[in-house]
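Asks: Show me the folded form of this:
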Amino acid sequence: MARILTLCVLCACMFIFSTCDSNSTPASDTDNPTDTTTDPGTTTDPDTTTDPGTTTDPGTTTDPGTTTDPGTTTGTTTENYQLVLDVHGPSFSPAAVYTCWIEDESGMNIQNVYVCNSIVGIGKSLTGDALPYWKTVKYPAHAAIDGITGASVQPNVGLSVTRTIPSGTPTKFRVCFEIDRSLNDNDNFGDRPSFIYRSDIIDVGSLSASPYNLTLYGWMSNGTDSGTYSQKPNTTIPGYATYKLMTDLTWISNKVTDTINMVSTLTATISKP
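Replies: Purely as a prediction, here's the structure:
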């Protein structure tokens with residue numbers, strides 16, 4: 001009897017323990033709110049929400065190679081072009097000398113177009129530095145003159161020169177011209193300085209069918225400051241110096257007609273040959 005009673009007690013205990021195990025709830029992730037609500041790896045991962053490589057990648061939205069490719073806007077020509085320079089002027093003493101060249105947007109001489117023989121000592125030498133701007137600034141930068149020198153045909157007779165602008169030339173350039181004449185006085189000079197003309201920027205990508213006008217924009221005195229051919233002013237000119245480019249044109253206007261009378265028309269026509 002005692003043995004049976006002991007077995008009954010043991011069975012009862014085992015039943016109680018199994019009931020307690022079945023009613024208990026195992027621990028889960030929700031028991032630890034810290035692990036789920038503030039997990040930086042899930043809700044605030046900077047690699048997902050603020051990846052600069054996706055939203056502000058400068059290589060995609062502001063790639064300068066696409067919008068401002070310098071190879072397109074300031075490139076070089078891939079074929080030859082033709083330039084025709086036409087010079088005409090009023091009647092005056094046949095003592096004018098001149099030169100024409102092409103320069104890029106920065107002002108660098110990239111091609112000489114026409115140079116009077118005497119400027120470079122062919123045939124005769126001149127007194128002083130005629131055409132001081134070209135001779136002291138533009139010529140040293142580009143001294144190739146083979147095949148482009150010629151006689152000093154006077155503008156009152158008229159001059160037309162055709163030249164090839166070779167491939168590899170900048171697509172944007174100016175045509176420039178300097179002319180000098182001795183014994184050419186006005187109220188401010190016993191012999192007026194050289195006159196310097198230039199065109200606006202010419203873009204071969206959008207050429208005009210009409211000739212480009214070269215307009216006067218500056219002047220320069222050479223170093224002859226005494227005697228008949230002196231280009232030294234007889235009045236005070238602010239900022240004046242020999243061999244200095246001056247752009248105030250009022251000092252070189254003609255005293256009689258109040259016009260600037262070195263040339264009457266000066267044009268350059270650019271086209272494909």
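
Asks: Test my guess that His88 contacts Thr267.
Replies: No: His88 is not in contact with Thr267 according to C-beta atoms under 8 Å; the separation is 9.0 Å. Every C-beta, even on glycine, is put in place using the N, C-alpha and C of the backbone.

Asks: Pro166 touches Asn80, doesn't it?
Replies: Yes: Pro166 is in contact with Asn80 according to C-beta under 8 Å; the separation is 5.7 Å.

Asks: Show me whatever sits in contact with both of the two.
Replies: Residues touching both Pro166 and Asn80 (C-beta atoms under 8 Å, 6 or more residues apart in numbering): none.

Asks: And the helices in the stretch 51-200 of the chain?
Replies: With DSSP state H, counting those that start in this stretch applied, the stretch 51-200 of the chain shows helices at 52-55, 58-61, 64-67, 70-73, 132-133, 139-141, listed in chain order.

Asks: Quick one: mean pLDDT over the third one.
Replies: Right, helix 64-67. Mean per-residue pLDDT for helix 64-67: 34.

Asks: So for the nearest residue to Thr265 once chain neighbours are set aside, what's the pLDDT?
Replies: Once flanking residues are discounted, Thr265 sits nearest to His88: 4.7 Å by C-beta to C-beta, 6 or more residues apart in numbering. pLDDT, His88: 88.

Asks: For Val157, give its distance to Arg163.
Replies: 20 Å (C-beta to C-beta, to the nearest Å).

Asks: So between the two, which is more surrounded?
Replies: Taking other C-beta atoms under 10 Å, Val157 and Arg163 do not tie; Arg163 has more neighbours (19 against 11).

Asks: Surely that one touches Gln82?
Replies: Yes: counting by C-beta under 8 Å, Gln82 is a contact partner of Arg163 at 7.5 Å.

Asks: Using the neighbour-count criterion, name the buried positions in stretch 212-221.
Replies: 212, 214, 216, 218-221 (16 or more other C-beta atoms under 10 Å).

Asks: repeat for stretch 166-184
Replies: 169-182, 184.

Asks: Ok, stretch 105-122 next?
Replies: 109-116, 118-119.

Asks: Between the two ends of it, how far is it?
Replies: End-to-end distance of stretch 105-122 (C-alpha to C-alpha, to the nearest Å): 31 Å.

Asks: What's the mean pLDDT across it?
Replies: Averaging pLDDT residue by residue across stretch 105-122 gives 93.

Asks: so Glu79 touches Ser167, yeah?
Replies: Yes: Glu79 is in contact with Ser167 according to C-beta under 8 Å; the separation is 5.3 Å.

Asks: where are the low-confidence patches of the stretch 51-200 of the chain?
Replies: By pLDDT under 70, the weakly predicted segments of the stretch 51-200 of the chain are 51-74, 91-94, 127-128.

Asks: Buried residues, stretch 129-142. List them.
Replies: So, applying 16+ other C-beta under 10 Å, buried residues of stretch 129-142: 129-135, 138-139.

Asks: Tell me how far Phe177 lies from Val115.
Replies: Phe177 is 11 Å from Val115, by C-beta to C-beta.

Asks: again, but for Pro132
Replies: The value you get for Pro132 to Val115, if C-beta to C-beta is used, is 14 Å.
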